[in-house]
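A.B. asks: The sequence and its predicted three-dimensional model are supplied below.
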Amino acid sequence: MFNIANLSYDIHKEVLFGPATVASGTSAYKSVQDCKRFLARVAYGASDGTFDVKVVQATDSSGTGSKNITGAAITQLSATDDNKQAEIEVDVDALDEGFTHVAVTVTASGTSTAFIELLKLMNKKPVTQPTALVETVFVTD
């Protein structure tokens, strides 16, 4: 018998924006100090403008010292990119010394609909999911 990976126990999932019309702004800062890597996943809906997404780092949950993570940005999406997806994956070792929190910053022109979530591969398992996650169904044979 072999051990089956259970993604709901291994990966912490949290919605940062949407699904809704997304204006320019920065999400809440989330701790990444107990994870190996994280992924900001963007599902881009309809738009009549442009949409930029990047991941920034800070030293705490209030965003102290917030600054860019080198290379942690998508190529700009535009009105011709409706229903596309993009991901930004970062190894926590890429953060600067003393930086333990990350947020997603969106710059949007026009009206854009999107869904952005943060997925974290945690060191300690099983992970504690946010209270907004009300059910996980695991099916195996």
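C.D. replies: Thanks, I have it. All of these numbers come straight from a predicted model, not from anything done at the bench. Numbering: from 1, shown residues only.
A.B. asks: what are the pairing partners of the biggest strand by length in the chain, and which direction each?
C.D. replies: Assignment by DSSP state E gives strand 35-47 as the longest strand of the chain. When pairs are called by DSSP bridges, strand 35-47 turns out to pair with strand 85-91 (antiparallel), strand 112-122 (antiparallel).
A.B. asks: For the helix or strand of the chain with the lowest mean pLDDT, output the C-alpha coordinates as PDB.
C.D. replies: Using mean pLDDT, DSSP states H and E, helix 7-10 stands out as the lowest-scoring helix or strand of the chain, at a mean of 83. Provided in PDB are the C-alpha atoms of helix 7-10 (Å, rounded to 0.1, in the frame of the first residue of the first chain):
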ATOM      1  CA  LEU A   7      -4.000  18.300  -1.300                       C
ATOM      2  CA  SER A   8      -6.500  19.600   1.200                       C
ATOM      3  CA  TYR A   9      -4.100  18.600   4.000                       C
ATOM      4  CA  ASP A  10      -0.900  19.700   2.300                       C
END
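A.B. asks: What residues of the helix or strand following it count as buried?
C.D. replies: Using DSSP states H and E, the helix or strand that follows helix 7-10 towards the C-terminus is strand 11-21. Buried residues in strand 11-21, defined by neighbour count with 16 or more other C-beta atoms under 10 Å: 11, 12, 13, 16, 17, 18. In short, each C-beta sits where N, CA and C put it, glycine included.
A.B. asks: returning to what we had before: just how off-centre is the longest strand of the chain within its chain?
C.D. replies: Relative to the centre of its chain, strand 35-47 is centred 5 Å away, using C-alpha atoms, centre = their mean, to the nearest Å.
A.B. asks: cool, and stretch 36-51?
C.D. replies: On C-alpha atoms, centre = their mean, the centre of stretch 36-51 falls 9 Å from the chain's centre.
A.B. asks: Report the buried residues of it.
C.D. replies: 38, 39, 40, 41, 42, 44, 45, 47, 51.
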